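**Q** Sequence first, predicted coordinates after that:
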Amino acid sequence: MSDTATTPPLKILGIFAHPDDPEFSMGGSATLWADQGAEVYYCIITNGRAGSNDPAQDLNELVRIREAEQRAAAAVCGVKEVFFLGYEDGTLEPTIELRRELTRLIRQLQPDRVISGDPRAYFYDGYVNHADHRAAAEAAVTAVFPSAPTRPIFPELLAEGYEPHQVKELYITHPEHANLYVDIASTIERKIESLRCHKSQVDPGDGKWIREWAIETGKSGGLEYAEAFRVIKLVQDTQGDSQ
């Protein structure tokens, strides 16, 4: 009798502050991983309401627009589902409540890999990192560890049926010191197409500047186009190697 057992697909969860953050940070990699058979999920923490300075903009309508844009962009990348937490845009803090919600989601989905920003990143070349990005990253990293795998933390989640879960790998986007460069040559055009979905926020045009970013990142990894990560292995010798 042949062995028909199959390896479960790699589960990947990207946690970010705003609609369009995943596409900028990991759009090419997410598409590649989905093409390879992974189940990719996004969690968007804020509602995107602060995404316009136009005094005539209906901000409630903007929330609806940005959610629709994010769903469309995720579909381009092959993302299975997007979760929206609905926190206010622009005033995000890494509160206990947010940590609890992210811990609940991690225990629910049981991802092998979580992608997040760097909570220490205040400045990048030429601009100040958005405070929401730092807050989202701090809450996400803390939810990954120690909250998600530790039984006594948030016992109310146990009462809801969410058992502890140990994430195997944490990927930090836009790191100061990367240790992984993902080759996105096969998915760079879909990354650009996913960013075109965010019409209320960004116009990639012909994609030239997106390609230039990926080319610059790729130089350090010896690749034509790349996205860079700092990978922290929380469980050694996993079946799903970093890629």
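**A** That came through, no problem. Numbers count the residues shown, from 1 in each chain.
**Q** residues in contact with the closest residue to residue 226 other than its chain neighbours?
**A** The shortest distance from residue 226 to any non-neighbouring residue, by C-beta to C-beta, 6 or more residues apart in numbering, is to residue 218 (3.8 Å). Where you see a C-beta, it was placed from the backbone N, CA and C, and this is true even at glycine. Residues near residue 218 by C-beta atoms under 8 Å, 6 or more residues apart in numbering: 181, 183, 224-226.
**Q** same thing with residue 47?
**A** 63, 66-67, 84, 86-89.
**Q** run the last query once more with 10 Å
**A** 18-19, 59-60, 62-64, 66-67, 84-90 (C-beta atoms under 10 Å, 6 or more residues apart in numbering).
**Q** quick one, helices of this protein?
**A** 21-35, 59-77, 96-109, 131-142, 155-159, 188-196, 208-221 (DSSP state H).
**Q** and the second one with helix 188-196, angle?
**A** Here helix 59-77 runs at an angle of 170 degrees relative to helix 188-196 (axes from the mean of the first three to the mean of the last three C-alpha atoms, to 10 degrees).
**Q** now do the last one
**A** Comparing the axes of helix 208-221 and helix 188-196 via the same axes, to 10 degrees yields an angle of 130 degrees.
**Q** What of the fourth one?
**A** Using the same axes, to 10 degrees, the direction of helix 131-142 lies 120 degrees away from that of helix 188-196.
**Q** Restrict helix 131-142 to CA atoms and write it as PDB.
**A** Extracted in PDB, the C-alpha atoms of helix 131-142 (Å, rounded to 0.1, in the frame of the first residue of the first chain):
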ATOM      1  CA  ALA A 131       4.800  55.300  14.500                       C
ATOM      2  CA  ASP A 132       2.000  52.900  13.700                       C
ATOM      3  CA  HIS A 133       4.500  50.600  12.000                       C
ATOM      4  CA  ARG A 134       6.600  50.500  15.100                       C
ATOM      5  CA  ALA A 135       3.600  49.900  17.300                       C
ATOM      6  CA  ALA A 136       2.300  47.100  15.100                       C
ATOM      7  CA  ALA A 137       5.700  45.500  15.000                       C
ATOM      8  CA  GLU A 138       6.100  45.600  18.800                       C
ATOM      9  CA  ALA A 139       2.700  44.100  19.300                       C
ATOM     10  CA  ALA A 140       3.200  41.400  16.700                       C
ATOM     11  CA  VAL A 141       6.700  40.400  17.900                       C
ATOM     12  CA  THR A 142       5.400  40.200  21.500                       C
END
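**Q** quick one: average pLDDT of that helix?
**A** The average pLDDT for helix 131-142 rounds to 97.
**Q** Quick check: the farthest pair among the contacts of residue 218?
**A** Pairwise distances across the contacts of residue 218 peak at 10.9 Å for 181 and 224 (criterion: C-beta to C-beta).
**Q** Between those two, which is the more surrounded one?
**A** The neighbour count for residue 181 versus residue 224, taken as other C-beta atoms under 10 Å, is higher for residue 181 (19 against 14).
**Q** Surely that one touches residue 226?
**A** Yes - using C-beta atoms under 10 Å, residue 181 is in contact with residue 226, at 4.4 Å.
**Q** Need the overlap of contacts for these two.
**A** Common contacts of residue 181 and residue 226 (C-beta under 10 Å, 6+ apart): 29, 217-220.
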